[in-house]
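> prediction below, plus the sequence it came from.
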Number of protein chains: 2
Amino acid sequence: MPESTRTAPDLAGAAPGLFDMATPRGRLLRIAARLFGEKGFAGTTVRDIAAGLGIQSGSLFHHFRSKEDILFAVMEMVVEAINRDLAEAVAAAPDTAGRVRALIAVELHYLHGPASDATSVLFHEWRALPKARRSVLMNGRAAYFDLWQTVLAEARAAGLTPIEPEILRQLLHGALAWTSFWYRPGGALTPEALVERALALALKDEGRAS
Amino acid sequence: MPESTRTAPDLAGAAPGLFDMATPRGRLLRIAARLFGEKGFAGTTVRDIAAGLGIQSGSLFHHFRSKEDILFAVMEMVVEAINRDLAEAVAAAPDTAGRVRALIAVELHYLHGPASDATSVLFHEWRALPKARRSVLMNGRAAYFDLWQTVLAEARAAGLTPIEPEILRQLLHGALAWTSFWYRPGGALTPEALVERALALALKDEGRAS
DNA sequence: AGGATAACCAAGCAAGCGCTTGGTTGAGTT
DNA sequence: AACTCAACCAAGCGCTTGCTTGGTTATCCT
């Protein structure tokens, strides 16, 4: 499939995901992310993960100290990558509407591109972490939330939306996160078209739907 | 707290939830819903539920044949109730925008009113059910989805949104479902104000935010 | 008074869970 | 040739899981 070069960031080398498939650790994280995404963290056993790798369940603990550490590693990886790409994409956008579109495009790209498994784990399984680790993750995401809020405040000042930035951010985040339950790329609705629909939802008078 | 009498339905007698607190079965479902909502289905044990009722874990199986049956009963109860209230509220609304507001208000009322635990279980834990039972639930929700889509199609025909009804329905459903992770009634943002924000998100030129 | 029944307890079983242990293998280094 | 070490296996430990069993108690119906 061809790249979407206009607004979405280039994740290039990370093609089969954000994990290094050359190392056992990377392969482990990849299938763990897939299983956690499919059956949830509590619904996935270390034996499931081991079976996916073709090794014994005990051998997992040569690479990670606990099942929870695996979940945390998956999430940390996504947080770092998404932070980087989001800042890049926003900096490259020419105007306010372009920045909002960039935010949406990056988030949807993570939710449905090569990193989809790991991203939906980050979005949907944070309750499985103890509070201490949850707040570590939230610290890592602070920059991400700030960026959204800054751009949305800019949009509101420009008259593109009447909704307060922090509320709009949460509503949009929910709308986008939920797409992992119903949207599948490859169908009639292209990823680019989905970005435009979400943008039409976020901003007045930017709708080019249908 | 006073009722919101304008558009939200009156759930009256169901005050402490939608469960009949006079029966052991109702009390069981109530605390099961709370625990499933807090820790997830797989993260909740039958011993947790029993402890919440002050009985032995084995005694649960006098009321339900399996843990999964408990989850299913919680979900069925919400599906029935929400279907009924949604149809009522939409029928009572005077115009298109009012019908969209009614849809949003009912959904948010279920997510944050007395039935909040059970509703967020329905929205977030359906993956814990085997596919056969999932499709039983989906059949029960068909009327619900149809209603949303009909009203949103009407809104689009009236020029209130450029987004296709089925896509808008999914995006809005995500935005609303996600509020259970961040919104708490009793704070600065009232439930009524949240409804207006969500309405401003759904429809053009209906924004009265700030 | 006698019988049926709903609601529970006390005890525990079989299976599955996360994780540990001690040992093996094979590629890389010197 | 001797050594190191990452990557794994085979076995199983201690615990928790959902659920079963046989029996007890209180309430209601007749």
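On my side now, so go ahead. Residues are numbered from 1 along each chain as shown, chains lettered A, B, ... in the order given.
> who in chain A is up against chain B?
Within chain A, the residues that sit near chain B (CB under 8 Å from any CB of the partner chain) are A:39-40, A:42-43, A:127-128, A:161-164, A:167-168, A:170-179, A:181-183, A:189, A:194, A:197-198, A:200-202, A:204-205, A:207-210. For every residue, glycine as well, the C-beta is placed using N, CA and C.
> other SSEs contacting the helix or strand hosting A:V106?
Per DSSP states H and E: A:V106 is located in helix A:96-112. On a contact count with 3 or more CB pairs under 8 Å, 6 or more residues apart in numbering or on different chains; DSSP states H and E, helix A:96-112 meets helix A:67-92, helix A:116-124, helix A:131-157, helix A:165-182, helix A:191-202.
> which ones are touching A:A42?
A:A128, B:G40, B:A42, B:G43 (CB atoms under 8 Å, 6 or more residues apart in numbering or on different chains).
> now, the most widely separated pair of those residues?
A:A128 and B:A42 (9.3 Å; CB to CB).
> what is in contact with the two at once?
In contact with both A:A128 and B:A42: A:G40, A:A42, using CB under 8 Å, 6+ apart.
> now do the end-to-end distance for stretch A:116-136.
Chord length of stretch A:116-136, first to last residue, is 22 Å (CA to CA, to the nearest Å).
> wondering if that stretch reaches DNA strand D at all.
No: Stretch A:116-136 stays clear of DNA strand D (CB under 7 Å from any atom of the strand), getting no nearer than 13.9 Å.
> list the buried residues in that stretch.
Buried residues in stretch A:116-136, counting neighbours by 16 or more other CB atoms under 10 Å in any protein chain shown, are found at A:116-126, A:128-129, A:133.
> ditto for stretch A:43-57
Those would be A:G43, A:T44, A:V46, A:D48, A:I49, A:A50, A:G52, A:L53, for stretch A:43-57 by 16+ other CB under 10 Å.
> next, count neighbours for whichever residue of chain A sits closest to DNA strand C.
Residue nearest to DNA strand C within chain A: A:G58 (2.2 Å; CB to the nearest atom of the strand). Neighbour count for A:G58, taken as other CB atoms under 10 Å in any protein chain shown: 10.
> give me every residue that touches A:A73.
Neighbour list for A:A73: A:L29, A:F64 [criterion: CB under 8 Å, 6+ apart].
> low-confidence ranges, chain A, go.
A:1-16, A:206-210 (pLDDT under 70).
> let's see 50
Applying pLDDT under 50 to chain A flags residues A:1-15, A:207-210.
> ok, the closest residue in space to A:E125 that isn't next to it in sequence - contacts?
In space, not counting the residues next to it along the chain, A:E125 is nearest to A:F41; the distance is 4.9 Å by CB to CB, 6 or more residues apart in numbering or on different chains. Shown in contact with A:F41 (CB under 8 Å, 6+ apart): A:L71, A:V121, A:E125, A:A128.
> ok, now with 7 Å
Contact analysis of A:F41 by CB atoms under 7 Å, 6 or more residues apart in numbering or on different chains lists A:L71, A:E125, A:A128.
> now do the SS call for it.
Three-state secondary structure (criterion: DSSP: H, G, I helix; E, B strand; the rest coil) places A:F41 in coil.
> how much space separates it from B:V74?
Applying CB to CB, to the nearest Å, the value for A:F41 to B:V74 is 21 Å.
> then A:G52?
Going from A:G52 to B:V74 by CB to CB gives 32 Å.
> sorry, back to before: make TSV out of the contacts of A:F41 and add distance to DNA strand C.
Output for the contacts of A:F41, formatted as TSV (distance: CB to the nearest atom of the strand, whole Å):
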residue	distance to DNA strand C
A:L71	10
A:E125	13
A:A128	11
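> quick check, nearest of those to chain B?
Distances from chain B to these, taken as CB to the nearest CB, are shortest for A:A128 (7.2 Å).
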